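*Asks:* Got a predicted model here, sequence first, then my questions.
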Amino acid sequence: MAASRDTDPDDDTHDGDNAAASDDERDETPNERYDRNWLEVLQELRVLQTGTQILTGFLLAVAFQPAFQDLDEGERTFYLVLVVLAALSTIVALAPVSLHRALFQQRAKRSVVAYGHAALITALVTVSFLLVGVAAFIFDVVLGDAASVVAAIVLGAVVIALWVIAPIAIRARVAVGRGRG
């Protein structure tokens, strides 16, 4: 029995530059869409994981540097919080792969994709805190508390602008473009 074809363009992404909805119609079954979406989630996780691994490696190496002994109690606590965030980011980013393995060949791709999406968003949140925290930690060690606070505020604002505000604005523009099409 042939699977029904997906011809609804509203459940896929579109180019928001006033393109008509039909420009990106996909002729795929729901299972094909779940497979495509899963591959997209995996690719995004790969990109995220690479950056997280680099930051984690940096953090782990810091504790073995002679200058680590010069950190005060507050800086050591901040450092340990960053190590926990790095580990948490890695655990969350790997969770969809573990779930996929556990549900392999169980016809649960829709659930795996939904879980992967939620885990990816959670990992992005933890990584954003990690990125801002690592920069703030370095500024604290090199220049002091005031520079650390400024760095955290500026980088936090950049993360919010690029990772939250810009996607919301683009999504709204795409929705308006669809309404005209």
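*Replies:* Noted; the coordinates are in hand. Residues are numbered from 1 along each chain as shown.
*Asks:* what mean pLDDT does stretch 133-153 have?
*Replies:* What stretch 133-153 shows for mean pLDDT is 96.
*Asks:* can you pull the alpha-carbon coordinates of it into CSV?
*Replies:* The C-alpha trace of stretch 133-153 is given here as CSV (Å, rounded to 0.1, in the frame of the first residue of the first chain):
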residue,chain,number,x,y,z
GLY,A,133,30.5,32.1,31.2
VAL,A,134,33.9,31.1,29.7
ALA,A,135,34.4,34.6,28.3
ALA,A,136,33.4,36.2,31.6
PHE,A,137,35.8,33.8,33.5
ILE,A,138,38.7,34.7,31.2
PHE,A,139,38.0,38.4,31.6
ASP,A,140,37.8,38.0,35.3
VAL,A,141,41.1,36.3,35.5
VAL,A,142,42.9,38.7,33.1
LEU,A,143,41.2,42.0,33.9
GLY,A,144,39.1,41.6,37.1
ASP,A,145,35.4,41.6,38.2
ALA,A,146,34.3,44.7,36.4
ALA,A,147,35.5,43.6,33.0
SER,A,148,34.0,40.2,33.6
VAL,A,149,30.6,41.7,34.2
VAL,A,150,30.8,43.9,31.1
ALA,A,151,31.9,40.9,29.0
ALA,A,152,29.0,38.8,30.3
ILE,A,153,26.4,41.5,29.6
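*Asks:* in it, what's buried?
*Replies:* The neighbour-count check on stretch 133-153 (16 or more other CB atoms under 10 Å) flags 133, 134, 135, 136, 137, 139, 140, 141, 148, 151, 152 as buried. All C-beta atoms are positioned from the backbone trio N, CA, C, and that covers glycine.
*Asks:* Which strands or helices does whichever strand or helix holds the first one pack on?
*Replies:* Spelled out, it's residue 133. Using DSSP states H and E, residue 133 falls within helix 109-143. Applying 3 or more CB pairs under 8 Å, 6 or more residues apart in numbering; DSSP states H and E, one finds that helix 109-143 makes contact with helix 30-62, helix 73-102, helix 145-160.
*Asks:* Adding distance to residue 114, write these out as CSV.
*Replies:* Below are those laid out as CSV (distance: least, CB to CB, whole Å):
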stretch, distance to residue 114
helix 30-62, 9
helix 73-102, 10
helix 145-160, 25
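*Asks:* Which of those helices sits closest to residue 126?
*Replies:* Closest approach to residue 126 among the helices and strands packed on helix 109-143 is made by helix 73-102 (4.3 Å; CB to CB).
*Asks:* how many degrees apart are that closest one and helix 109-143 in direction?
*Replies:* Put simply, helix 73-102 runs at 160 degrees to helix 109-143, going by axes from the mean of the first three to the mean of the last three CA atoms, to 10 degrees.
*Asks:* Good, we can wrap up now.
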